[in-house]
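Novice: Got a sequence here, can you model it:
(one chain, ligands or ions: 1)
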Amino acid sequence: MIMNKKLNYFRAQIIDSVFKSGNGHIGGALSCLEIVYSIYKYGMQNPYKNRKKKDRDRFILSKGHACLAQYVVLSHLGFFKKQELNFFRSHRGILEGHPEVKIPGVETVTGSLGIGASFATGVALGLKMQKYNSKVYCIISDGECQEGIIWETAMFAGFKKLNNLTFFLDYNNLQQDGKITDVMNINPIVQKWKSFNWIVKTINGHNLMELKKVLKNRNKYKKPLLIVAKTIKGKGISFMENSLKWHGTKAPTKEEYLKALGELGFNRKLNY
Ligand SMILES: [Mg+2]
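Specialist: Numbering: from 1, shown residues only. Next comes the predicted model:
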């Protein structure tokens with residue numbers, strides 16, 4: 001159980017959106033929620049105020065199916081009204097099932113795995129070439145490390161020593177079809193990224209203090225940084241944790257929805 005009230009509310013919003021839309025990816029969104037929140041809070045400089053500046057910091061969610069984690073934080077920061085969350089994946093609203101550039105705060109389309117990571121690396125290089133001090137943050141998933149483009153990206157960023165680039169690897173050891181270690185093992189993941197000239201740190205991806213510390217210390221390192229964040233798919237809801245059933249695109253029944261909200265401290269439906 002997560003005791004942080006704000007994070008519990010975000011979790012409830014994610015589940016609420018999927019309940020209302022009838023489908024969506026809950027497991028992976030709950031897995032990376034603290035990481036997304038921490039990037040906006042501790043990594044980026046005034047993300048809302050600077051949103052139109054060329055030298056703004058950037059965040060790219062490469063594991064695009066987890067977009068609700070980003071949407072709830074963006075609405076919390078004022079990028080759009082939280083009522084939009086009522087219309088997730090609906091033609092009545094702007095929030096698509098994967099990030100799309102028409103959504104305020106979203107930098108690029110993601111969802112085809114590996115593409116966001118590659119885009120983030122290109123942007124980090126471009127910002128350096130323009131002599132901006134901007135930072136680029138990106139979240140990839142463990143299953144995503146099975147994509148070839150990830151390793152081209154890793155090689156390129158390491159070779160270019162992109163010290164403005166930070167990746168989080170949302171390591172929940174599950175992907176759509178099973179355990180990472182059963183489907184196609186990506187380990188030893190730390191050694192692999194290190195061999196591409198990245199600094200690698202391992203943390204608990206649900207611990208806000210650890211996330212804050214690693215983000216605040218980012219400037220110490222003169223290379224691209226990979227943070228292996230150990231997480232739990234479906235984190236925060238007893239019957240969703242570590243369950244493949246909640247990868248997507250399943251929506252909770254009304255009973256499951258109310259049970260999940262109850263576990264988060266909400267005794268009735270969210271209404272806004
Ligand atoms: Mg995973």
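Novice: Quick check: the spatially closest residue to Lys160 that is not a sequence neighbour vs Ser118, distance?
Specialist: Of all residues not flanking Lys160 in the chain, Leu125 sits nearest, at 6.0 Å (Cβ to Cβ, 6 or more residues apart in numbering). The way it works is simple: take the backbone N, C-alpha and C, and place the C-beta from them, glycine included. Summarising the geometry, the distance separating Leu125 from Ser118, computed by Cβ to Cβ, to the nearest Å, is 11 Å.
Novice: count of neighbours near the residue nearest to Lys160?
Specialist: The number of residues packed around Leu125, counting by other Cβ atoms under 10 Å, is 17.
Novice: How about Phe239?
Specialist: Every residue meeting other Cβ under 10 Å relative to Phe239 is counted, giving 13.
Novice: quick one, what contacts it?
Specialist: For Phe239, the contact set (Cβ atoms under 8 Å, 6 or more residues apart in numbering) comprises Glu256, Lys259, Ala260.
Novice: do Asn187 as well
Specialist: Under the criterion of Cβ under 8 Å, 6+ apart, the contact list for Asn187 reads Thr181.
Novice: Let me know the secondary structure of it.
Specialist: When the structure is split into helix, strand and coil by DSSP: H, G, I helix; E, B strand; the rest coil, Asn187 lands in coil.
Novice: likewise Leu226?
Specialist: Following three-state DSSP, Leu226 is assigned to strand.
Novice: List the beta-bridge partners for it.
Specialist: Judged by DSSP bridges, the bridge partners of Leu226 are Phe167, Val200.
Novice: For the nearest residue to Phe87 once chain neighbours are set aside, the count of nearby residues, please.
Specialist: Nearest in space to Phe87, with sequence neighbours left out and distances taken as Cβ to Cβ, 6+ apart, is Gly93 at 2.7 Å. Counted with other Cβ under 10 Å, the neighbours of Gly93 add up to 18.
Novice: again, but for Asn271
Specialist: Per other Cβ under 10 Å, the neighbour tally for Asn271 reads 6.
Novice: Helix or strand: which one has Glu256?
Specialist: Assignment of secondary structure by DSSP states H and E places Glu256 within helix 254-263.
Novice: any idea of the mean pLDDT for that helix?
Specialist: Averaged over helix 254-263, pLDDT sits at 97.
Novice: Name the residues of it that are buried.
Specialist: In terms of neighbour count (16 or more other Cβ atoms under 10 Å), helix 254-263 has its buried residues at Glu256, Tyr257, Leu258, Ala260, Leu261, Glu263.
Novice: how close does the first one get to Leu7?
Specialist: Separation of Glu256 from Leu7 (Cβ to Cβ): 20 Å.
Novice: And for the last one?
Specialist: For Glu263, the distance to Leu7 (Cβ to Cβ) stands at 13 Å.
Novice: what does the fourth one give?
Specialist: As defined by Cβ to Cβ, Ala260 lies at a distance of 14 Å from Leu7.
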